[in-house]
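J.: Task: produce atomic coordinates for the following.
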Amino acid sequence: LRKQIRQVQFISLILLTAGVMLCNMKDYGTSTGNEEEDSILKTDQTKGVMATLGIALSSGFASVYTEKVIKARRDPNVARKNHSLAYLQVQLALVSLVIIGIWAMFKDFDVIVNQGLFSGFNVPAFFSILNSAIGGLIVAAVLKFADAVLKGYATAMSVILTGVLSMLLFGTELNSIYGIGIVNVVCAVLLYNGKNLDKNICAQ
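T.: Numbering: from 1, shown residues only. Down below sits the predicted model:
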């Protein structure tokens, strides 16, 4: 996309990655008293960190490519214009609907026949689907009017808010590592949006 990233913004991205990784590390440094269980726990944490990095890389590439498609110069050819990103998304959604419908009929055929297709579809389920739909529209708006990097920052802030709200509403215990992750993310946001920081901080 030919976008230049300043030195401070690059440092900010590193801080953001570290902060999100710290927020997703659970029970780090704790001991169960059993050496075998501690070894398994450390192995699982390593796998989790690697999986998180893999998800971040794949999601980042997908976001940048999607942004490129959305912001690409419009083709005057009507036949090509009809195959826009939204049109392709509708096609993919229809294919997914057919596949999920076949799976539902195969697995829950008796329940669907006896109780109907919308059995168990209550108000919380409706709001959950509505929330997902609105989230998808917001992501599309961010990619169209902002960029994929800011989408990453928004995702990181959502991770922080999820943990804080979970602590306030459900009594989830957050350790000191989570607090360090919050500090990293906040500093990353401030650095990325700061003005003239290259001259003040990164000056030789």
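J.: From here on, just use CA atoms for contacts and neighbour counts.
T.: Will do.
J.: in stretch 171-188, what counts as buried?
T.: Neighbour-count burial for stretch 171-188 flags 177-178, 180-182, 184-186, 188 (criterion: 16 or more other Cα atoms under 10 Å).
J.: want to try CSV for these, with pLDDT, distance to Thr155 and secondary structure as columns?
T.: Converted to CSV, these look like this (pLDDT from 0 to 100; distance: Cα to Cα, whole Å; DSSP: H, G, I helix; E, B strand; the rest coil):
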residue, pLDDT, distance to Thr155, secondary structure
Ile177, 82, 19, helix
Tyr178, 82, 16, helix
Ile180, 86, 17, helix
Gly181, 84, 14, helix
Ile182, 84, 13, helix
Asn184, 85, 14, helix
Val185, 84, 11, helix
Val186, 83, 13, helix
Ala188, 83, 13, helix
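J.: Pull the most distant pair out of the residues you listed.
T.: Ile177 and Ala188 (16.4 Å; Cα to Cα).
J.: By average pLDDT, which secondary structure element in this structure comes out worst?
T.: helix 78-81 (a mean of 54; mean pLDDT, DSSP states H and E).
J.: Just checking, which helix or strand succeeds that one along the chain?
T.: helix 85-107 (DSSP states H and E).
J.: Show me where this structure dips below the pLDDT cut-off.
T.: 1-2, 26-43, 70-86, 88, 194-204 (pLDDT under 70).
J.: Now do the strands in it.
T.: In the chain, no strands are found when defined by DSSP state E.
J.: Looking at it, which helix is longest?
T.: Counting residues, the longest helix found in the chain (DSSP state H) is helix 35-71.
J.: in that helix, what's buried?
T.: Neighbour-count burial for helix 35-71 flags 41, 45, 49, 60, 63-64, 66-68, 70 (criterion: 16+ other Cα under 10 Å).
J.: now stretch 172-185: how far from the chain's centre is it?
T.: Distance of stretch 172-185 from its chain centroid, counting by Cα atoms, centre = their mean, to the nearest Å, is 18 Å.
J.: Check what contacts it and list those residues.
T.: Applying Cα atoms under 8 Å, 6 or more residues apart in numbering, the contact partners of stretch 172-185 are 15-16, 18-25, 27-28, 156-157, 160, 163, 166-167.
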